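# This is a predicted model, with the sequence first.
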Amino acid sequence: MIVTITMNPAVDISYPLTEFKVDTFNRCDIARKTAGGKGLNVSRVLHQLDDPLVAAGLVGGALGEFIKENLAAAGMRFAFSEISEATRNCVAILHDGKQTEILESGPTVSESELVTFYQALNDLFKEATVISISGSLPKGAPTDFYNQVLDLAKLKQIPVVLDTSGDSLLAAVQHDNKPFLNKPNAEEVAGLLGISEIKNVTELKTSLQSELLCDIPVIVVSLSSDGALVKAEEKIYKVDIPKIEVTNPVGSGDATVAGLVSGIYRGQPLTDYLKKAMVLGMLNAQEETTGHVNLAHYDDFYRQIRVYEV
């Protein structure tokens, strides 16, 4: 079983507009509201792949109830811990081929709520074979909270796929018990190494071989339409993907994580689950609904992806 962790979920609201007008009103004929947050996007794609999962996290208030109802309607299993403050909204305005996001920071959690959640994870991990951690920590959680989850996973010998950023990512890569797989982008890698930017694939390859990152078995760096660069133990791989028409890119990185998690859960070789991850990211980008993939096109995309050592 897969356990997905979303510490700061949201109700994702998407407003598709033909034109976005500033300093006046905008009318939207269709607004989409879904249970969101990076980990829940991962969960939704895993569910479409028929991989067994439990979505864990923290929810509160009416929006927290909406999330549970939304997942239940989709037939998904979840085990959320309740908090006193309300879950947040996140708004995406899709306009002129662009995407403008307004992200609420969300609730502040107490130490006792974190303890309750950790205890719930301890029970869930008795069934888990892969753990996926995605997204930001809520206010009130210590920067190194994910390290506590990594310690628990290490104790139970469960591989962890980590997709976070900022201080919580830095804390995790510096921790003794590291994730099995980390999925940053190039900007996040630069931030970890304290450099201003990574200008090209050659610089990124060098960065992935740094001492700070060497003990993480697999690092998958998203390169958007250019695919990905991957460090797997001592080797570096480039993943090339075909050009596609993008409808809604929101959640494509999370769909990619779902592919990585699914491949690890199913015991697939590295090359196979890298291809799987890229396909799911592309399929999500072609759908209007975040965290949705049309698997009818899976095989066609899969055949067009190249993974090779560089």
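The structure has been received and is ready for your questions. As the structure is a prediction and not an experimental result, all values here were calculated from the model.
# contact partners of the lowest-mean-pLDDT helix or strand in the chain?
For the chain, counting by mean pLDDT, DSSP states H and E, strand 98-103 ranks last in confidence among helices and strands (a mean of 87). Outside strand 98-103, the residues within contact range by C-beta atoms under 8 Å, 6 or more residues apart in numbering are 10, 20, 88, 90, 91, 92, 93, 249, 250. C-beta coordinates here come from the backbone N, C-alpha and C atoms, glycine included.
# Do I have it right that the last one meets residue 93?
No: under the criterion of C-beta atoms under 8 Å, residue 250 is not in contact with residue 93, lying 10.7 Å apart.
# With neighbour numbers in mind, choose between those two.
residue 250 (23 against 18; other C-beta atoms under 10 Å).
# number of nearby residues for the closest residue to that one other than its chain neighbours?
Nearest non-adjacent residue to residue 250, counting by C-beta to C-beta, 6 or more residues apart in numbering: residue 290, 4.7 Å away. Using other C-beta under 10 Å, residue 290 has 24 neighbouring residues.
# Now do the same contact list for residue 290.
So residue 290 contacts 12, 14, 32, 34, 36, 41, 92, 248, 250, 251, 284 (C-beta under 8 Å, 6+ apart).
# Reformat the contacts of strand 98-103 into TSV and put secondary structure and pLDDT next to each item.
Putting the contacts of strand 98-103 into TSV (DSSP: H, G, I helix; E, B strand; the rest coil; pLDDT from 0 to 100) gives the following:
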residue	secondary structure	pLDDT
10	strand	95
20	coil	93
88	strand	96
90	strand	91
91	strand	92
92	strand	86
93	strand	91
249	coil	81
250	coil	77
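# need the strands for the protein, in chain order.
Under the criterion DSSP state E, the chain contains strands at 2-6, 10-17, 32-36, 53-59, 78-82, 88-95, 98-103, 130-134, 160-163, 181-182, 218-222, 228-232, 235-240, 306-309.
# just the CA coordinates of the least confident helix or strand of the chain, formatted as CSV?
The C-alpha trace of strand 98-103 is given here as CSV (Å, rounded to 0.1, in the frame of the first residue of the first chain):
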residue,chain,number,x,y,z
LYS,A,98,-0.7,31.8,-18.7
GLN,A,99,-1.4,30.8,-15.1
THR,A,100,-1.7,33.2,-12.2
GLU,A,101,-2.0,31.6,-8.8
ILE,A,102,-3.2,33.0,-5.4
LEU,A,103,-2.1,30.7,-2.6
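# about what we covered before: per-residue confidence for the residue nearest to residue 250?
Here the pLDDT value assigned to residue 290 is 79.
# Tell me who's in contact with residue 156.
125, 126, 128.
# hmm, which of those residues are the buried ones?
By neighbour count, with 16 or more other C-beta atoms under 10 Å, the contacts of residue 156 hold 125, 128 as buried.
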